[in-house]
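The sequence and its predicted three-dimensional model are supplied below.
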Amino acid sequence: MNAQADEALFDPDFLRKLERLELLARKIFRGLVRGEHSTQRRGRGLEFSDFRRYQPGDDLRYIDWNIYSRLDRLFLKLYASDEDLTLHLLIDCSASMGFGEPLKFDYARKLAAALGYIGLNNLDRVGVRAFSAGASATLPGLKSKQQMATLLPFLLKLKSVDTTDFAGAMREFAANMRSPGVVVVITDLLGDDELMHGLDSLRYGDHDITLVQLLAEDEINPPLDGPLNLVDSEDRDSLKVTVDANLRQLYLTRLQTHLDTLEQHCRRHGIEYLRASTAIPFEDLVLKYLRQGRQWR
Amino acid sequence: MIQFAQPWALLALLSIPAIIVLYSLRPKRETILVSTNKLWREAFRERQRGFGLQKLLRDLSLLLLLLFALLLSLALAGPGWITSSTGRDAIVLVFDVSASMKARRDNSLLASSRFAEAKRQGLEIIDGLDEDASLLLMTSGRNATIRSAFEADRATLRSALGQIDATDETGKPRQALTLALSLLRNREKGRVVFFTDAAFDDDVDLDTSRIEFRRIDGPVDNVAITRFDFRAETGSEERHQVLVGVRNYTDKAVSTQLELELNEQRLLSHTLELEPQEHRNLVLPIDGRITGTATAVIQHEDALAEDNQAFAVVEGEQPLHLLLISPGNFYLESVFGALPNVSVTRLETIPGNFARLADRHDVVVIDRIAVPDLPPGSYLLIDTLAPGLPFVAEGAVTRPEIETRSDSAILRDIDLEGLEIQQAKRLRHVRESPGLQTLFGSGNTDLALALIENNVRLVFLGFDIADSNFPLQASFPLFLGESLTWLHAGAIQHARTQVAAGDPVTISTPNRQSELIVESPSGKSSTFSVQSGEQQFEATGQAGLYRYVTDSIDGYFAVNLTSQNESDIRPRAILPARAQPASTTAQAGRVNIALWPQLVLLAMLLLALEWSLWCWRGVSA
């Protein structure tokens, strides 16, 4: 694994790209980063905005009894609320992120830096959480553009080690969040059996979730052949196998099935799903994916 | 029941564990760190489930290799399946065709010969041959001869038997029986039937369990000529002696008349009184110069008539054919004409067909005439040279003094003391020649040389004999005679004049390439194309006078039954008792069926199948 030198990860060229991204993002980053962004929130708020039909489990305090008396049907009042939006950047720091050319981990950190910069420039709070099966690192409550000087060093210090416990990390995050926000999870999501449970934990916290799945070119088109001993980077499990065209095809089929399952789960549960290869320049991903909101390779 | 001829070869089974070890050795795997191998594991499991055939094929390949090693090991051990079988019978009929088989079976007027009886019994066996049996015919004479291969067709066998006759040869039955048994080596069921009168001294006690002896008996009284030859008395060509050996093989005294003929003319008649078992050699004088063919006959009625006569060829000395090419030389013509047994042909120039003419003469003498290239032959060159010789003439030497002489046979008893030569060629040797010898010479030059080189025998005189007193010397005719003798030393007798029946005869022809015709006593002619100056003739099974004709030769040689062993027609050999009944029906026996060919074939098929599987796996991957 060739980790990009910390100094080169956020070099001047990268910073210039960030400036350009921020300007462009202002135009296209709607509904996510504007400080005066209005969002439909249940329950709280000072201005009435709309009604919606009552669903079991809703707070009875917001039932509009006048409508009920007239229509004999239960409706809830919705109120607009002006509040600051917190952008939560969750970065997978497991060992599997340390693969690819460029490394998925470096790519994830650049992506997090870019999104964090855009968020801070738009007066949003930005929080960064690095997760893996072991101890996680958190950088909460960045508020201003100047705090990029805090964000970048934090990202630089992160290492991709350890195994993945995606579900556990998501549960922990969801449990610690007092209020919903925008959550961008940057991960590779390969091989973890509890992926769906982890995503569900985030949903229960009523967050606006975007899942960015990063894949290395070697994972999409593995250049393996012959008798090999494949060692898992996280749990060091080894698999003796002879890779031939047949097995390679089976792997690709398995991979596609896994990705399709993920995508379907996300779509079904209102999670924005973006899949990208690290071969795509990260700035393109930021612009095009955030504009289109769909996977792009 | 299976038995192994080479059980030690089963050690090759140790190759089986070796194959397993080699097969199980996996190629070294490269360890690669991947982000996650979970998807690979799932793919691998899916392949294991859905592609069990591949696994099966991999194991099948190992199984085939193991089977191949097993079969090959067993094949090397020489397995054989022992079973009882009434399989194909194989019979070898061996007929004794030696001279004694010509003896009568009885004393009746129309008595057949012993051999005729043998053929009759042989025909019985052929006619009674089982359908699954095969038979081979052999004869035992001077040589053991196979007359037909193993054959099941009776008509073919009858025809082959019909062409077999007894000869005047001596027999070697042990040799024939050994050969017959070797033909049955690989046949569990097989036997030899030997038809003989047992009138031999050979030990035939071989593997007698497979030999059935059929003894043909008959009368045993016989009086025979055991020797017949002519020779000239020492020192005289006018007196000869004839040697005749006669033996009485009976137990009674006999009186018989011996008659000799020369060129079908009666030469002499002599009465013989022989005691029982007496062997007498007669030496009878004959006056006069005799030459031609001679016959000796004893007028005696006995069981074997073939040895009552003998033949001989009396040859005079063959003339030497000499070609003299000279413009005219009284001395040479006189000396050559006076030499005994020399036939001279004179020419004054070299003819156009010189080579052919030279080939037809024993010696060519060329006197003072330019010589062309010399074809192979014998030459006496006098004061002339030929191209290609290892010496040349450069000028002349006047009045050379003889200072050196060799001890060559040509100069034996020749006195050169008074030889005076007016002028001789000055010779210079131009190359080395191992066959060149100086006969005599002066200090300045060689005067006489002898050369043997490239099928050329040459005597060279470097001076005109008329320019010397050589012709007047007593040594001159001696020199010429010795030269001719030396030059004609390559000539050989055209043929031996007498051989025993069955012995080969070498016939020499005057020319290296000739056509030779040989006529047997029965009138059968054989023509040969001789390429090397001699031909070996082997069809001497019949006693009598054989005539041969080649380009310039018309000669005879005699073949005689002069074997005392064959003339003694009493059964003498101890024949083992018949081990098997004289039956041609198939008999049950133990058969060892070799299994190794089948095992090897099966092993090869398995190997081919394994290779096909390997190829198919490679293509399908």
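Sure thing, it's come through.

Contact partners for the residue nearest to residue A:14 when sequence neighbours are not counted?
Using Cβ to Cβ, 6 or more residues apart in numbering or on different chains and skipping residues adjacent in sequence, the residue nearest residue A:14 is residue A:110, 6.7 Å away. Where you see a C-beta, it was placed from the backbone N, CA and C, and this is true even at glycine. Residue A:110 makes contact with A:9, A:10, A:14, A:282 under the criterion Cβ atoms under 8 Å, 6 or more residues apart in numbering or on different chains.

repeat for residue B:469
Contacts of residue B:469 by Cβ under 8 Å, 6+ apart are B:418, B:419, B:420.

Give me the distance between it and residue B:336.
In this view, residue B:469 and residue B:336 are 19 Å apart by Cβ to Cβ, to the nearest Å.

list the buried ones in stretch B:100-107?
Neighbour counts over stretch B:100-107 (16 or more other Cβ atoms under 10 Å in any protein chain shown) mark B:100, B:101, B:102, B:103, B:104, B:105 as buried.

Rounded mean pLDDT for that stretch, please.
Mean pLDDT, computed over stretch B:100-107, is 90.

Ok, stretch A:180-199 next?
Mean per-residue pLDDT for stretch A:180-199: 78.

quick one: terminal-to-terminal distance for it?
One end of stretch A:180-199 sits 14 Å from the other (Cα to Cα, to the nearest Å).

gap between it and the chain center?
Put simply, stretch A:180-199 sits 7 Å off its chain's centre (Cα atoms, centre = their mean, to the nearest Å).

That stretch: which residues count as buried?
Applying 16+ other Cβ under 10 Å to stretch A:180-199 flags A:180-192, A:194-196, A:198-199 as buried.

which stretches of the stretch 201-350 of chain B form strands?
Secondary structure of the stretch 201-350 of chain B by DSSP state E, counting those that start in this stretch: the strands cover B:211-215, B:223-232, B:239-248, B:254-262, B:265-274, B:279-287, B:292-299, B:309-314, B:320-325, B:342-347.

so which of those is the most packed in?
Highest mean neighbour count of these: strand B:309-314, a mean of 23 (counted as mean count of other Cβ atoms under 10 Å in any protein chain shown).

still on that earlier bit, using JSON lines, lay out the strands of the stretch 201-350 of chain B together with mean pLDDT and distance to residue A:96.
Formatted as JSON lines, the strands of the stretch 201-350 of chain B follow (pLDDT from 0 to 100; distance: least, Cβ to Cβ, whole Å):
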{"stretch": "strand B:211-215", "mean pLDDT": "91", "distance to residue A:96": "92"}
{"stretch": "strand B:223-232", "mean pLDDT": "85", "distance to residue A:96": "116"}
{"stretch": "strand B:239-248", "mean pLDDT": "86", "distance to residue A:96": "119"}
{"stretch": "strand B:254-262", "mean pLDDT": "92", "distance to residue A:96": "126"}
{"stretch": "strand B:265-274", "mean pLDDT": "89", "distance to residue A:96": "126"}
{"stretch": "strand B:279-287", "mean pLDDT": "84", "distance to residue A:96": "120"}
{"stretch": "strand B:292-299", "mean pLDDT": "91", "distance to residue A:96": "119"}
{"stretch": "strand B:309-314", "mean pLDDT": "90", "distance to residue A:96": "116"}
{"stretch": "strand B:320-325", "mean pLDDT": "90", "distance to residue A:96": "115"}
{"stretch": "strand B:342-347", "mean pLDDT": "89", "distance to residue A:96": "119"}
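
I'd like the ones you listed laid out as TSV, including distance to chain A.
As requested, these are arranged in TSV below (distance: least, Cβ to the nearest Cβ, whole Å):
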stretch	distance to chain A
strand B:211-215	69
strand B:223-232	93
strand B:239-248	95
strand B:254-262	103
strand B:265-274	103
strand B:279-287	96
strand B:292-299	96
strand B:309-314	93
strand B:320-325	93
strand B:342-347	96
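
Quick check, central residue of chain A?
Among the residues of chain A, residue A:185 comes closest to the average C-alpha position under Cα atoms, centre = their mean, at 1.8 Å.

residues contacting that one?
A:90, A:92, A:170, A:202, A:209, A:210, A:211, A:212.

Specify which member of the contacts of residue A:110 is nearest to chain B.
The shortest approach to chain B among those belongs to residue A:282, at 18.7 Å (Cβ to the nearest Cβ).

Grab the nearest non-local neighbour of the closest one.
residue A:110 (4.7 Å).

secondary structure class for that neighbour?
helix (DSSP: H, G, I helix; E, B strand; the rest coil).

Distance of it relative to chain B?
18 Å (Cβ to the nearest Cβ, to the nearest Å).

so how many other residues sit close to the closest residue to residue B:422 other than its chain neighbours?
Excluding its sequence neighbours, the residue lying closest to residue B:422 (Cβ to Cβ, 6+ apart) is residue B:467, at 4.4 Å. Residues lying near residue B:467 (other Cβ atoms under 10 Å in any protein chain shown) number 13.

so residue B:500 makes contact with residue B:564?
No. Checked against Cβ atoms under 8 Å, the pair residue B:500 and residue B:564 is beyond contact range at 11.3 Å.

Okay, now the unreliable bits of the stretch 151-297 of chain A?
A:191-194, A:205, A:288-297 (pLDDT under 70).

Make a PyMOL selection of the buried ones in the contacts of residue B:469.
Burial among these is assessed by 16+ other Cβ under 10 Å; the matching PyMOL selection reads:
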select buried, chain B and resi 419
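
ok, so of the contacts of residue B:469, who is nearest residue A:145?
Within these, the smallest distance to residue A:145 is 145.9 Å, found for residue B:419 (Cβ to Cβ).

Let me know the helix or strand that the residue of the stretch 101-250 of chain B found nearest chain A is in.
Nearest to chain A in the stretch 101-250 of chain B, going by Cβ to the nearest Cβ, is residue B:186, at a distance of 52.5 Å. Under the criterion of DSSP states H and E, residue B:186 resides outside all helices and strands.

can you count the residues close to it?
For residue B:186, using other Cβ under 10 Å, the count is 10.

so how far is residue B:228 from it?
48 Å.

from memory residue B:36 sits against residue A:231, does it?
No. Under the criterion of Cβ under 8 Å, residue B:36 is not in contact with residue A:231, lying 10.3 Å apart.

Point out the residues in the stretch 51-200 of chain A that sit beside chain B.
A:95, A:96, A:97, A:98, A:99, A:100, A:104, A:188, A:190, A:191 (Cβ under 8 Å from any Cβ of the partner chain).

helix, strand or coil for the second one?
Here residue A:96 is helix, with the state taken from three-state DSSP.

Just the pLDDT for it.
89.

Report how many residues lie close to it.
Considering only other Cβ under 10 Å, residue A:96 is surrounded by 29 other residues.

What is the neighbour count of the closest residue to it other than its chain neighbours?
Spatially, and ignoring its direct neighbours in sequence, residue A:96 is nearest to residue B:35 (4.0 Å; Cβ to Cβ, 6+ apart). By the criterion of other Cβ under 10 Å, residue B:35 has 25 neighbours.

swap in residue B:277?
With other Cβ under 10 Å as criterion, residue B:277 counts 13.

Tell me which residues touch the spatially closest residue to it that is not a sequence neighbour, please.
In this structure, residue B:277 finds its nearest non-sequential neighbour in residue B:248, 6.2 Å apart by Cβ to Cβ, 6+ apart. By Cβ under 8 Å, 6+ apart, the contact set of residue B:248 is B:223, B:254, B:274, B:275, B:276, B:277, B:278, B:279.

ok, now how distant is the nearest residue to the first one once chain neighbours are set aside from residue B:560?
Distances taken as Cβ to Cβ, 6+ apart place residue B:300 nearest to residue B:223, at 4.7 Å, with adjacent residues excluded. In this structure, residue B:300 and residue B:560 are separated by 17 Å, where distance is defined by Cβ to Cβ.

Between those two, tell me which one has more neighbours.
residue B:560 (27 against 22).

In TSV, list the strands of the stretch 201-350 of chain B along with distance to residue B:389.
Formatted as TSV, the strands of the stretch 201-350 of chain B follow (distance: least, Cβ to Cβ, whole Å):
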stretch	distance to residue B:389
strand B:211-215	67
strand B:223-232	41
strand B:239-248	45
strand B:254-262	49
strand B:265-274	52
strand B:279-287	50
strand B:292-299	44
strand B:309-314	41
strand B:320-325	17
strand B:342-347	22
